[in-house]
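> the amino acid sequence is not available; the structure is as follows:
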């Protein structure tokens, strides 16, 4: 069992039980990952996420690189190529679009950091704002929950009207240049999905043989910009600082070091996080989860765009029907909630025992 605490009071626990990889993130839920199917010599894994009573599932393709396993998001379905082309290419005219975020607490809190584009020349920019908003909303909720978990029980009962929100403060603006870099990543992903969409439903026998030492997508030299998806504690200039959901980093190196880290530069960050321009080390595992989350949010954004196209000023899209991929979406593992709860309790016990042992040794004050 591996336990990490971040600077904002959150805790992440990773362990393997009976062949399943179990990742818990305290009040923010977690997931249980199991081997799912083997197709074309490649192993695919199912994940069941559990958060606040709700389950969702996903498929992740296995990679093995430098003696370590990695897990990359695998699409459960694809749109027809024409829809990706419509999302990638410029629209006939720039589009004004109202998101309706004005009354949302997260938007008010991050108002100095993030602002949507005034107009959208293509769907790629609309999707950029969609995924940034989703990340910042998650960051706000995660911090509110961390504050609540560290508060007295009586204070938690009063959280329904103001959910222990972070205190508002000035923010550093997410620059147009950084947003453009994210939009370019969106366009690159749309182009890749358009190419893959023509292969959807192909039999596993037609797939290329699996590479036994294949780098995960997070190390693709063509992909450099990443949107942070969860709280991380890193070191910049010898001092610990945080990266939180919605911060943006640029990968500088392609080859992991002996600790499985690559160097990144902080491209944009919120006021209390690592300052923009700082260079820090981030694990490839964390970087791959950022890439996974990016693809998940882009998939969700394409679905939302398919629903809203032709309304609210958005142009009408061509065919938005989907084709299932060669690996079907798994059923939810309804034991995941209990597995995550048990791991949280085991971590509590482990940390209690460590504190007791430290105290009994007579060498510490805690």
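Great, that's in hand. Quick caveat, the model's predicted, so the values are computed rather than measured.

> isn't residue 242 up against residue 274?
Yes: here residue 242 reaches residue 274: they are 6.5 Å apart, a contact under CB atoms under 8 Å. For glycine as for every other residue, the C-beta is placed from the backbone atoms N, C-alpha and C.

> longest helix of the protein?
helix 123-150 (DSSP state H).

> quick one: buried residues of that helix?
For helix 123-150, the neighbour count (16 or more other CB atoms under 10 Å) marks 123-148 as buried.

> more neighbours: residue 242 and residue 274, which one.
residue 274 (26 against 19; other CB atoms under 10 Å).

> just say helix, strand or coil for that one.
coil (DSSP: H, G, I helix; E, B strand; the rest coil).

> just say helix, strand or coil for the residue lying closest to it once chain neighbours are set aside.
With CB to CB, 6 or more residues apart in numbering as the criterion, residue 274 has its nearest non-adjacent residue at 3.9 Å, and that residue is residue 241. Secondary structure for residue 241, judged by three-state DSSP, is strand.

> what's the distance between residue 241 and residue 281?
12 Å (CB to CB, to the nearest Å).

> which residues do these two both contact?
234, 235 (CB atoms under 8 Å, 6 or more residues apart in numbering).

> give me the more crowded residue out of those two.
residue 241 (19 against 16).

> so that one touches residue 235, yeah?
Yes: under the contact definition of CB under 8 Å, residue 241 touches residue 235, with a separation of 7.5 Å.

> so what sits against both of the two?
Shared contacts of residue 241 and residue 235, counting by CB under 8 Å, 6+ apart, come down to residue 280.

> show the contacting residues for residue 125.
117, 183.

> and residue 70, how far from residue 50?
22 Å.

> oh, I was asking about residue 106
22 Å.

> which residues of the stretch 151-300 of the chain fall in helices?
153-157, 176-197, 284-308 (DSSP state H, counting those that start in this stretch).

> could you give the bridge partners of the residue nearest to residue 274?
residue 234 (DSSP bridges).

> oh, and call the first residue 641 from now on, that's how I've got it
Done: numbering now begins at 641, and the last item shifts to residue 881.

> how much space between it and residue 767?
Residue 881 is 29 Å from residue 767, by CB to CB.

> next, count neighbours for residue 978.
11.

> who does the longest strand anywhere in the chain pair up with?
Counting residues, the longest strand in the chain under DSSP state E turns out to be strand 694-705. Strands that pair with strand 694-705, judged by DSSP bridges, come out as strand 682-691 (antiparallel), strand 708-714 (antiparallel).

> Serialize those to CSV and add fields for distance to residue 813.
Output for the strands paired with strand 694-705, formatted as CSV (distance: least, CB to CB, whole Å):
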stretch, distance to residue 813
strand 682-691, 31
strand 708-714, 30
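
> so which of those strands is nearest residue 997?
strand 708-714 (30.8 Å; CB to CB).

> okay, the angle between the closest one and helix 924-948?
Interaxial angle of strand 708-714 relative to helix 924-948 (axes from the mean of the first three to the mean of the last three CA atoms, to 10 degrees): 0 degrees.

> list the buried residues for strand 708-714?
Of all the residues in strand 708-714, those buried under the rule 16+ other CB under 10 Å are 710, 711, 712, 713, 714.

> then stretch 727-735?
727, 728, 731, 735.

> nearest residue to the second one in space, please, no chain neighbours.
Taking CB to CB, 6+ apart, and ignoring the residues beside it in sequence, residue 728 has residue 830 as its nearest neighbour in space, at 4.6 Å.

> and the gap between that neighbour and residue 816?
For residue 830 relative to residue 816 (CB to CB), the value is 20 Å.

> and those two? Which one has more around it.
residue 830 (24 against 11).

> just to check, the more buried one is in contact with residue 768?
No: taking CB under 8 Å as the definition, residue 830 is not a contact partner of residue 768, at 11.1 Å.
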